[in-house]
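J.: Give the three-dimensional model of this entry:
(chains A and B)
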There are 2 protein chains.
Amino acid sequence: MKKQDSNAKVKIIPLGGMEQIGMNITAFECEDSIIIVDCGLAFPTDDMLGIDLVIPDVSYLKQNIDKVKGFLITHGHEDHIGALPYILKDINVPVYGTKLTIALIENKLKEHNLLKNTKRKVIKHGQSVNLGCFRIEFIKTNHSIADASALAIFSPAGVILHTGDFKIDYTPVFGEPADLERFAELGKKGVLALMCDSTNATRAGFTPSERTVGKTFDNIFADHKNNRIIVATFASNVDRVQQVINSAAKYGRKVVVEGRSMVNVIGTASELGYINIPDGTLIDIDQLKNYPDEQTVLITTGSQGESMAALSRMASSTHKKISIKPSDVVILSSHPIPGNEKAVSKVINELSMKGAEVISDDTHVSGHACQEEIKLMYALVRPKYAIPVHGEYRHIMAQRNLVQAMGIPKENVIIMSSGDVVEVGQESWKTVDHVQAGGILVDGLGVGDVGNIVLRDRQNLAQNGIIVVVLTLEKYSNQLLAGPDIVSRGFVYVRESEDLMEEARNIVNDAVTDCLDRHVNDWGKIKNVIRDTLSDFLWKRMKRNPMILPIIMEV
Amino acid sequence: MKKQDSNAKVKIIPLGGMEQIGMNITAFECEDSIIIVDCGLAFPTDDMLGIDLVIPDVSYLKQNIDKVKGFLITHGHEDHIGALPYILKDINVPVYGTKLTIALIENKLKEHNLLKNTKRKVIKHGQSVNLGCFRIEFIKTNHSIADASALAIFSPAGVILHTGDFKIDYTPVFGEPADLERFAELGKKGVLALMCDSTNATRAGFTPSERTVGKTFDNIFADHKNNRIIVATFASNVDRVQQVINSAAKYGRKVVVEGRSMVNVIGTASELGYINIPDGTLIDIDQLKNYPDEQTVLITTGSQGESMAALSRMASSTHKKISIKPSDVVILSSHPIPGNEKAVSKVINELSMKGAEVISDDTHVSGHACQEEIKLMYALVRPKYAIPVHGEYRHIMAQRNLVQAMGIPKENVIIMSSGDVVEVGQESWKTVDHVQAGGILVDGLGVGDVGNIVLRDRQNLAQNGIIVVVLTLEKYSNQLLAGPDIVSRGFVYVRESEDLMEEARNIVNDAVTDCLDRHVNDWGKIKNVIRDTLSDFLWKRMKRNPMILPIIMEV
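T.: Okay, the predicted model is just below:
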């Protein structure tokens, strides 16, 4: 790492994560070095029909591949690590992170057969990595997954502090509170810019400690000594799982872990010592029948109402091994992520119909800093520039308002968009460029082969279905040899609409015959006539607009 | 109406509204008389692709048309009146309701050309209607629309009280508080069953008065004397609109009303005297330019992020007459209805990006009774039987828990499903039958012509797109004359996947040729071979599952 230099500049280039929650990835560039903080995916929005996930466009990094020194990962959530297996194929540089983070990344790399070819390095909190002209220090924070880090990025232009996703928990379930002392120390020495999590910037107050949920669990366990208890939460929330296990141990219950991702994460966390399961507590799902209900707890996936997750399958009676009983108590230990509200309601209704009691009050706390914690972070770090990150625009604006109220001048709050290249120096900052950035859609094994046209077609198909019109023409005479035949999918229930479809066929037939009588040879024109005729007819008769696909064959 | 008789029974038959919020309609039957309370629609769930709305299946009423005496409507919301224009075509009986309710129904009937053929009668609170062996009294309640009523249904078997949607507002913006005295009086005389709104039964406490929102408006107007103010709310919430107008008048602002449904409802409400607009307050949208921003307020639709509503169009810069300015203050005066959260966030983000300040704290109160109001209603009415209505199963269960805690025995709480026929008498109740009930899908002008098969096709098309395979065979020889041609929509961006599509075509061609060589004459079999071959190929290569539609023509 080079010494600080009052003329030096560092470029900050978010390639995702600025307009949305998810797909976090930011490049930092100085002279011949580029480092990348996080490499997350985003889940598809409602209009991205059929898309599995979205990864960042890293064209800029590919174009500057020689400079790229490594990935620095703040924590092991999908929106920070999920794109790694895709991006590492093109940008094969070492990956740095804390122990649990690297272990979760390794699980992913194994699935993608990338473990052998990817260099990983475990970094402890307090340790640093030297990469080109950067030195990056990992600093302990709290979050809804263990081993989360903020990063102090020492560059020739000064120190940039990136909080990652964080909250401040004075009584964490595992390990230490966030390293406030180190933040204060850095603040005292001088921090050029603070890039701070905005997710909860619209919420007043202080996010409660994870331990408050443990108290709720204890109370629920105490109140339901005669019931089986099922707890659904995020697989990655190791501390939450620990607290379920603690309550289970306290009340003499055996624990079953159900759901693939839950089994994987708990396995990894337990191997690495991030979760402490007393001997004999964990039993296999097949052993459940050997214990009375009131001596068991199930920890399961599906707290977001995901249709394929274990809890949803239990609720809809499609789980192979667990049937919900009227005496069951189900704890939903998460808040619905925006967009999942209806799916969660559906699961609650299904569980209620089976007679189960569903509890979701005080059973979750956020992993993100609320307003008072954000202010505390700024008060400790006292940066020259504030760069709100991680959030939708309204969250980023909310953080801007907070820091301006704390006295950071308006012109020193930098609001970035993905792709912006902002150059920051000790005297000033400016946006110097905008590089290609955005989401690349992953559908099955296809990466980037579904774009806007395909999505628009899917939306149209989804709303209105499709009508295919086929006909065969004689090659030279252009005579109609067969058809027009009409086949529809997703349009109407054909058996109840036979007359309509017959009428449609006649209308298309007349239109085509008319074209041919007038010696129209251009198939494009004939197809347009078919589309227009049929479309008019259906709109007038049904006020519907199916996709119309004319196909002409020649013999 | 006949006298009360200790042996008489009344049948209660909900034809909708029991498993969901929406599509409220309940029949009451006694001897030769059927009356119907409400006739609402439901909005489509996420899996009902392309569906506009859902109306109840009233087969039972059609089968008993001779008994049906009339519709009694509790208030003018879509989920209570929206299906009337569809159902009245088959069940043309008189419609009874309060003044504003009937006026809103008339607006609907006009659109459907049904005004002439439908008998309507305006009933005042405190008045009764005699229909066959029933007498129905309309009782004043409060709700998020003016003129809401509970119904006391006097039958030979006793009094059934139906609350409709309600809250208790001691300081309503317009008119009187709910008629608690009448509820108490009925309770004292003896009520057989109480059918009570469950929508907010999971929420503790008491829903705040509508007036509290007016106070918030005043504060916002006082704090933003230099900004244009835009308020988005539900068109039907006449009292909310009144309070915006009050604040506007107080602070000397002109009011513009924007959005078709907002203009309609305010027009109707104002004509009937349910809203009081001081002369000169309302201006046309085209006059806006004649006033400085700080002297204007816009009241608009779109508080739920509906993509075609006025606010969404302003936010996305597609509104023809209003451009959002950085100095604008936008008040979202509603909570997102479950399922609309992301759409609302999108609008907030778009408005924020244009620099507008968006305010949504304390700008809305619910129109439904929370737990303390539900308990108050039960305490006043003291029914023998409790029948929780209007809500998802979890809400209905929550009301059950409330009333059991108040001392109504478990066996006297009647949990119904749509279609259940429950017979209630003074000594007992039982479920005596189950009749056809459920949602009928409306898509454009089609009512009921889209069913599960069509929806499943739409979902498949939405997720994966479609591949059409066409080929032409010679009629007698079964020789392949043209094709197989492959056309896809919503599958991949064809120009970037030419090789794949070419490979797919070759594979299908080989499979078809092989069939024909083996003299397979059955087209069904050939189509299956095409589907299987192509489907295997695409799954192996892409892990995708498009709909495959083989079409064979013969010449």
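J.: Please count neighbours and contacts with C-alpha atoms only from this point.
T.: Noted.
J.: Which parts of the stretch 101-250 of chain A are helices?
T.: A:180-189, A:211-223, A:238-250 (DSSP state H, counting those that start in this stretch).
J.: looking at the ones you listed, which is closest to chain B?
T.: helix A:211-223 (16.4 Å; Cα to the nearest Cα).
J.: just the helices of the stretch 101-250 of chain A: most buried one?
T.: Ranked by mean neighbour count, the helices of the stretch 101-250 of chain A are led by helix A:238-250 with a mean of 22 (mean count of other Cα atoms under 10 Å in any protein chain shown).
J.: follow-up on the earlier one: could you redo the helices of the stretch 101-250 of chain A as a markdown table and give each row distance to A:I507 and mean pLDDT?
T.: Formatted as a markdown table, the helices of the stretch 101-250 of chain A follow (distance: least, Cα to Cα, whole Å; pLDDT from 0 to 100):
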| stretch | distance to A:I507 | mean pLDDT |
| --- | --- | --- |
| helix A:180-189 | 75 | 97 |
| helix A:211-223 | 66 | 96 |
| helix A:238-250 | 64 | 96 |
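J.: could you dump these to CSV with distance to chain B?
T.: Putting the helices of the stretch 101-250 of chain A into CSV (distance: least, Cα to the nearest Cα, whole Å) gives the following:
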stretch, distance to chain B
helix A:180-189, 31
helix A:211-223, 16
helix A:238-250, 25
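J.: Let's have those helices in CSV, adding distance to B:Q20.
T.: Output for those, formatted as CSV (distance: least, Cα to Cα, whole Å):
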stretch, distance to B:Q20
helix A:180-189, 49
helix A:211-223, 29
helix A:238-250, 32
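J.: how about low-confidence regions in the stretch 351-500 of chain A?
T.: A:494-495 (pLDDT under 70).
J.: Pull up the residues of it that are close to chain B.
T.: A:352-353, A:392-394, A:397, A:443-446, A:449-451, A:453-459, A:461-465, A:470-472, A:481-483, A:489-493, A:496-497 (Cα under 8 Å from any Cα of the partner chain).
J.: Can you select the buried ones from those residues in ChimeraX?
T.: Only the buried entries of these go into this ChimeraX selection, using 16 or more other Cα atoms under 10 Å in any protein chain shown:
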select /A:352,392,393,394,397,443,444,446,449,450,451,454,455,456,457,458,459,461,462,463,464,465,470,471,472,481,482,483,489,490,491,492,493
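J.: At which residues are the strands of the stretch 251-400 of chain A located?
T.: A:254-258, A:296-300, A:329-332, A:357-359, A:385-389 (DSSP state E, counting those that start in this stretch).
J.: show me the contacts for A:D485.
T.: A:V469, A:V470, A:L471, A:R505 (Cα atoms under 8 Å, 6 or more residues apart in numbering or on different chains).
J.: Select from these every entry located in strands.
T.: Applying DSSP state E to the contacts of A:D485, the entries found in strands are A:V469, A:V470, A:L471.
J.: For A:L49, state which of those residues is nearest.
T.: The closest of the ones in strands among the contacts of A:D485 to A:L49 turns out to be A:V469 (Cα to Cα; 25.0 Å).
J.: residues in contact with the residue of the stretch 51-200 of chain A found nearest chain B?
T.: Closest to chain B within the stretch 51-200 of chain A is A:I51: 7.5 Å, counting by Cα to the nearest Cα. By Cα under 8 Å, 6+ apart, the contact set of A:I51 is A:P44, A:L441, A:V442, A:D443, A:G444, B:Q463.
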